[in-house]
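Q: Please find the sequence and the predicted model below.
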Amino acid sequence: GLPRNGHLPWLHPMSKLLGVGFAVAGNCLIGLSFVAQKHAHNQNKDGISYLKLPWWWIGMVTMAIGECGNLMAYAYAPASLVSPLGAVSLVINAPLAHAILKDRMTRRALLGVICCIVGGTSIVLISPEEEKQFTVADYLGMEGEAALIANPLFIAFFVLNLLVAIAVMVSRVKTVLAYITVCSTLACLSVLGVKGLSSFAVLTIQGQNQFYNVFPFMLLMCVLAMMIIQLHYLNLAMIIGGAQVVMPVYYVLFTGLTVTGGVILYDEWEGMEWYKILLFVCGFIFTFMGVYLTKSESSEEKQEQRETTEDVWGDVFDSEGDEEEGEANPASEPKWEMKPLVRATTKQSATAQILSN
């Protein structure tokens, strides 16, 4: 059998390289899927449901394959490394959108791509060389040692995230920041669960069956439930705020929470010198700046948009002003109904909002 937190001989020292490879390839496919879905919406002159567009489904299949790559990456690399590499999808999306969709490639977006590359490279170089493989026994403490999920810090972290998500959902606060908070907290917890499931799958394939216990199946159901909820709230955030608001804020909250959870639950920074941790934080800040610059608008673009639309940043913190305007002009009142994801219109779908902005 495997020793507790043991390293698989066939992975060392390739674990981090495999994880990075899966993450980069997966996020490249996700970036390509954005282009395919935007192409579908551009070709949709009749306003039919996006679910009936072939190119939209091509994009969805490509995205699903890319997410499988991310799933495998969590088995071979720390969550604190894989999560920030999600910015790769923006790096590949920007030039592809310029080349294929003829979208304008601004200097601001180009600078954002460069920042993402610099930040992502720093994170990869600083992170640990190999990743630990955890078994079901490690999680449940079945071998006489403390269970991973019994860590008091992790219990506090888990409960706090869950309570925040539930409180926001129950309060029915209808702002972009509220929706992003639900997405980020649940996405963080689901990623920590996905990492465990990925490890179980890899170990099982290598002959160490991890599905002899009910724990992996319970974990899978919890992860799926959280993913469905977070996708629903992400769609609502995109409808209200658009990608230029949602993507930078979501990236910071989700990645920050995921890195924190990985450090607490999996002790991913064990043995790292203080200066490496500092460089990791600097790399994360660079990557966030890249995400912000890539998805935000220049001052000229904002001025043009203000001629026809309201400034979306107000919706992040307060929707009361919009509601008051809606009373005076019912036609301008925002639609707050909690519609299912699949019922969103073509113009309101999360994917369309991501790509059109």
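A: Perfect, I can see it now.
Q: going forward, measure contacts between C-alpha atoms and count neighbours the same way
A: OK.
Q: Now do the contacts for the closest residue to Asn213 other than its chain neighbours.
A: Excluding the flanking residues, the one nearest Asn213 by C-alpha to C-alpha, 6 or more residues apart in numbering is Val136, at 7.7 Å. Residues near Val136 by C-alpha atoms under 8 Å, 6 or more residues apart in numbering: Phe200, Gln210, Asn213, Phe215, Pro216.
Q: Closest one to Ser296 out of the residues you listed, please.
A: Phe200 (39.2 Å; C-alpha to C-alpha).
Q: and that closest one, which of the three is it?
A: helix (DSSP: H, G, I helix; E, B strand; the rest coil).
Q: From Asp267, how far off is it?
A: Per C-alpha to C-alpha, to the nearest Å, Phe200 is found 18 Å from Asp267.
Q: So for those two, which sits in the more crowded spot?
A: Of the pair Phe200 and Asp267, Phe200 is the one with more neighbours under other C-alpha atoms under 10 Å, namely 22 against 14.
Q: got the contact list for the more buried one?
A: Here Phe200 is in contact with Phe134, Thr135, Val136, Asn209, Gln210, Phe211, Pro216 (criterion: C-alpha under 8 Å, 6+ apart).
Q: what helix or strand does Thr258 sit in?
A: Here Thr258, judged by DSSP states H and E, is contained in helix 243-266.
Q: how distant is that helix from the center of its chain?
A: 8 Å (C-alpha atoms, centre = their mean, to the nearest Å).
Q: what do you get for stretch 30-42?
A: Counting by C-alpha atoms, centre = their mean, stretch 30-42 comes out at 18 Å from the chain centroid.
Q: Secondary structure element holding the closest residue to Ala165 other than its chain neighbours?
A: Excluding the flanking residues, the one nearest Ala165 by C-alpha to C-alpha, 6+ apart is Val182, at 4.8 Å. Assessed by DSSP H and E, Val182 sits inside helix 176-205.
Q: In that helix, which residues are buried?
A: Neighbour counts over helix 176-205 (16 or more other C-alpha atoms under 10 Å) mark 176-203 as buried.
Q: again, but for stretch 263-281
A: Those would be Val263, Ile264, Leu265, Tyr266, Glu268, Trp269, Lys276, Leu279, Phe280, Val281, for stretch 263-281 by 16+ other C-alpha under 10 Å.
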